[in-house]
Structures are given as structure tokens and as C-alpha cells.
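**Q** pasted the sequence and its predicted model underneath.
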Amino acid sequence: MTSDVDDTAELSRPARRQAEIAAYVVKNGSVSANDLVEAFGVSVMTVHRDLDELERQGVVRKYRGGVSAQPTSVFESNVAYRLNTAHAEKAAIARHARAMIEPGMSVMLDDSTSALSLVDLFEDITPLTVATNFLPAITRLAQLRDITLLALGGIYSATHDSFGGMPCAEAVEALHTDLLFCSVSAVSPTHAFHQEEEIVLVKRAMLRSAKTKVLLVDHAKLQRTALHRLAPLTDFDVVIVDEKTPDDLIRPLREHGATVEVAKL
């Protein structure tokens, strides 16, 4: 019996270490393999084995000599990393966006952490009907009174902690909401972009299924690129950015026809 307990503890040790490594990478954004060897007191081989498993889970992205949780043009960050970035900016954008919501409205939220920041502001503007495919939002909304929650199912992605694919897109297109609040990974002067085609599929369905469409983007997203083009910025009724966004990044958006509002921190 003692042997069985010890064996279980031994088997769980790599999983615990991998969780700690994931948290370390998410906190720091990008680290070298040598950093992890020193931080966790294990061999280079063990570190690479753990990183291979974390990459398989979609938590991190390996590159020569290190690992990153940060996004690239073709790689979207794991939700754990996104939940730990730009807190003040996302909160400011959410407060600004809240003014557009009135009791009795129907609201759709995508699987962005920017839209998630709105959920905590819903409590005093109920009743509301809220539709979302983002599991953290579903979990929070389920705790609120006077919220009619439409949980949009589909193919579950652990990387994004959300539901997607064609089943989700079809569920979205069966609705028509007053408002859509969504975000993307990157914004050019003319278009919104995302790294993953499956995510774009659902976001496009959401754009078709809402009367008023609001894009929420913190300043860092105006300085990135991503592979797949979602939509022209003029397809959104409003683009809300935070006040850390430089004027020379806002000006081209307005010059190309986008309606841009700046949220105060």
C-alpha cells in the first residue's frame, strides 16, 4: 500500500513541476531554457521534456534556446497569459464600453479577456441577456442575478478556454443581439486580425449577428501583426482604445474611416 502511494506521488511530481514552469513563463512572458534549469533545479533534458508537454497543451511556444507565452503573427497566447496582461488598460476600456449598455439589452461577448473585463460591470445594469462562448465569462455570469445566460457551445479549446468551430458559429448565427463586444490580436490602420482561422470563423459569425459592433483593443495590439484578416475596422461601429495609445497610431485609424474612442485610465 505504501508503495502505491509513493508511486502516485512520483507520477504527480512532473505535472506539478510543469504547472509551476507554465506559471513562471506566463509571468515572465519569455525565458531561456537555462533560466528554467536554474529556477527549478532540474536538468536541461528534463526542462525540454516538460516544455514539449506544455507546448503540446498549447500553453507555451518553444523557440531555439527558450520558450515564450507571448503572441506572434501565427501563435495566439494561452488564455492564462492573456489574463495576466494589460489589466489597467482592459479595465479602462471596459468602463468606457459599459456606458453603451442599458438594462434589457442583449449582449454578445467573444472569447477575449478584454470582453471578459465587462462582465464584472454587469451587476448594476441588469436585467441583461448575455451570449458568450468564453468559459471564464460563462462561469462568472452564472453567478449574477437577473442575467439570462446563453452559453454558446461547440468544439472546446483548452488553449483559449472557449468553444469554437462550426457548431459554435452556427449557434451564434441563430441569434441577433443588440451589442457585440469583441477583441482581436492585432490591428492595422484598416483591418482587424487574428492568428487562428477557427477563431476568425466564430468572430465573423458574431459580427453578422449583432446590431452594434464594438472592438476593444489596448494599445499593444496596434503594434502587432497576425496572419488572418477578420474584418475592416469600418465594420465596427466603435473602436475603443486606451489612453496609452499614441496619437500617431490613432490618427491612421480615423483617417481610414474608423470611429475611435479613447478610454481614460
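**A** Happy to help now that I have it. For clarity, every value in this text was computed on a predicted model and none was experimentally measured.

**Q** helix or strand with the lowest mean pLDDT in this structure?
**A** Taking mean pLDDT, DSSP states H and E as the measure, the helix or strand of the chain with the lowest value is helix 2-28, at a mean of 66.

**Q** I'd like the next helix or strand past that one.
**A** Once the chain leaves helix 2-28, the next helix or strand it forms, by DSSP states H and E, is strand 30-32.

**Q** residues of that next one that come out buried?
**A** For strand 30-32, burial by neighbour count (16 or more other Cβ atoms under 10 Å) applies to Val31. C-betas here are computed from N, CA, C, even on glycine.

**Q** touching that strand from outside, list them.
**A** By Cβ atoms under 8 Å, 6 or more residues apart in numbering, the list of residues contacting strand 30-32 from outside reads Tyr24, Val25, Gly65, Gly66, Val67, Ser68, Ala69, Gln70.

**Q** and the longest strand along the chain, how far out from the chain middle?
**A** If each strand of the chain is counted by residues according to DSSP state E, the longest one is strand 210-217. The gap between where strand 210-217 is centred and where its chain is centred comes out at 15 Å by Cα atoms, centre = their mean, to the nearest Å.

**Q** go on, stretch 211-228?
**A** A distance of 11 Å separates the centroid of the chain from that of stretch 211-228, by Cα atoms, centre = their mean.

**Q** now do the end-to-end distance for that stretch.
**A** The first and final residues of stretch 211-228 sit 24 Å from each other (Cα to Cα, to the nearest Å).

**Q** try stretch 107-125
**A** The first and final residues of stretch 107-125 sit 12 Å from each other (Cα to Cα).

**Q** give the buried residues for it.
**A** Going by neighbour count (16+ other Cβ under 10 Å), the buried part of stretch 107-125 is 107-119, 122, 125.

**Q** surely Trp214 touches Phe181?
**A** Actually, residue 214 is Val. It isn't Trp. Yes. Counting by Cβ atoms under 8 Å, Val214 does reach Phe181; the two are 5.1 Å apart.

**Q** the two: who's more crowded?
**A** Set side by side, Val214 and Phe181 give different neighbour counts by other Cβ atoms under 10 Å, the larger being at Phe181 (31 against 25).

**Q** contacting residues for that one?
**A** Shown here is Phe181, whose contacts under the criterion Cβ under 8 Å, 6+ apart are Ala97, Val107, Met108, Leu109, Asp110, Ser114, Ala115, Leu118, Val214, Leu216.

**Q** likewise His48?
**A** Listed by Cβ under 8 Å, 6+ apart, the contact set of His48 reads Ala33.

**Q** can you tell me the element it falls in?
**A** Assigning secondary structure by DSSP H and E places His48 in helix 44-56.

**Q** still on that earlier bit, now, which of the contacts of Phe181 lie within strands?
**A** Within these, membership in strands is found for Val107, Met108, Leu109, Val214, Leu216, as judged by DSSP E.

**Q** export those as a markdown table, with columns for distance to Leu36.
**A** Supplementary listing: the ones in strands among the contacts of Phe181 in a markdown table, determined by distance: Cβ to Cβ, whole Å:
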| residue | distance to Leu36 |
| --- | --- |
| Val107 | 42 |
| Met108 | 40 |
| Leu109 | 35 |
| Val214 | 40 |
| Leu216 | 34 |
